[in-house]
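In: Okay, predicted coordinates and the sequence, questions at the end:
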Amino acid sequence: MAENVKAQKASAARKTVDKWKKKKWFTVNSSKIFDKRPLGETPGEKPKNILGRTFRVTLDTVTGQRAKREYSISFKVNDVQGTTASTVISHFEVNKGTLGRTVRRRNSKIALVERIPVVGGDAMTTIAVVTDRKATNAQRMGIRKIIKESAAALNGKDFELLVQELLLGAFSNELFKKASKICPIKKVIVSKSVFMASKVK
């Protein structure tokens, strides 16, 4: 009985080793808007085995901008050529502590989750405006309207280009300027955006 157990364990160990021997390492690159910078490597037996895998890094890793380290961004493998895997952005979000450090008792936070139509689906995007002092109900309504209008102006973009505009473009600065006409603004934070692919009918 003991010999059978040992034989079974030895056989399982050999199978595990054999399985790892069949695997090879694939280099995973970020998407084209970040110049396909390497994200790291991942093991896989065949290219199809790594399709759909997600790699999450802080934004400064792919931009080289230390100020962007408060954001994390996720890339999903969508193509493999040889041992090189290409990716597309699946979502991004700001670190949980960032909003907490920005909002204080004397401030107001006006946040909306906007469904922005993009190529192939929708981008569920959370946009927050933090005022420099308590906002009145009328001011809140005015800022919500500006957020909605600013988000609507992004309709129809490719999700990659939308992310580029939200994180690296002028979106936050322009929204800041518009909202500041209603009341003093402390900060504009696009805290999250997730790509939701359209369901195939």
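Out: Perfect, I can see it now.
In: Without its sequence neighbours, what residue ends up closest to the residue nearest the centre of the chain?
Out: The centre of the chain sits closest to residue 92, judged by Cα atoms, centre = their mean, with a distance of 1.7 Å. Ranked by Cβ to Cβ, 6 or more residues apart in numbering and with sequence neighbours excluded, the top spatial neighbour of residue 92 is residue 73, at 4.2 Å. Using the backbone N, CA and C atoms, a C-beta is placed for each residue, glycine as well.
In: follow-up on the earlier one: next SSE downstream of the helix or strand hosting the residue nearest to the centre of the chain?
Out: Using DSSP states H and E, residue 92 sits in strand 84-94. Using DSSP H and E, the next helix or strand after strand 84-94 towards the C-terminus is helix 96-102.
In: Listing partners with orientation, what would you give for the helix or strand following that following helix?
Out: Moving toward the C-terminus from helix 96-102, the next helix or strand (DSSP H and E) is strand 109-118. Strand 109-118 pairs in its sheet with strand 121-131 (antiparallel), by DSSP bridges.
In: buried set for the strand it pairs with?
Out: 122, 123, 125, 126, 127, 128, 129, 130, 131 (16 or more other Cβ atoms under 10 Å).
In: So residue 70 versus residue 194, what's the distance?
Out: Applying Cβ to Cβ, to the nearest Å, the value for residue 70 to residue 194 is 18 Å.
In: Per the annotation, how does the protein divide into domains?
Out: According to automatic domain parsing, the chain comprises the domains 2-93, 95-197.
In: Report the mean confidence score over the first one.
Out: For domain 2-93, mean pLDDT rounds to 84.
In: now swap in stretch 152-166 and tell me
Out: For stretch 152-166, the per-residue pLDDT averages 96.
In: Straight-line length of it, end to end?
Out: End-to-end span of stretch 152-166 (Cα to Cα, to the nearest Å): 13 Å.
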